[in-house]
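Coordinates for the following, if possible.
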Amino acid sequence: MAILDFFATHWDSVLLVLLFALLLVLLYIMGQKRIVYKILFSLATEAEKQFGGGTGWLKQSQVIEKIYGMLPGLMKSLVTVKQLEGWVDDGLKEVKKKWEENAKVKAYIEGGNQKSEETQDAEGGESE
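Predicted coordinates for the structure are as follows:
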């Protein structure tokens, strides 16, 4: 009964503390989201270089797997895989813009695809 009396008397203070705790959790998630976007740029670039075009589902699953593995335990309990997929999809829009804007990154990606194609051709040629 004393607890109910306390809440009835100090409901505004309790509400303020709960809102402040919620704000801290949201700021933590948003801070982690910015970090995820930065990591995403590197992982998406490497996946694009490795797998090339037409393999979006494969690249996305590889990037999500790596990012999820990097998240701290607390963050894994707060962020669902579905949310992470949304972050990756949103982040990829920005990553693709940066790829188009930066000729060196674009050449890096295309160079990776050309090397893998050349390697496959050389391997195919040697095995025949």
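
Could you list the low-pLDDT ranges of this structure?
32, 112-128 (pLDDT under 70).

The residue nearest to Lys76 when sequence neighbours are not counted: what's it in contact with?
Distance criterion CB to CB, 6 or more residues apart in numbering; nearest residue to Lys76, sequence neighbours excluded, is Tyr68 at 7.0 Å. For every residue, glycine as well, the C-beta is placed using N, CA and C. Shown in contact with Tyr68 (CB atoms under 8 Å, 6 or more residues apart in numbering): Lys76, Val81, Leu84.

Using just helix, strand and coil, how would you label Val36?
helix (DSSP: H, G, I helix; E, B strand; the rest coil).

just checking, it touches Trp87?
Yes: between Val36 and Trp87 there is a contact under CB atoms under 8 Å: 5.6 Å.

rewinding a little: next up, identify which helix or strand the residue nearest to Lys76 is on.
helix 56-70 (DSSP states H and E).

Good, we can wrap up now.
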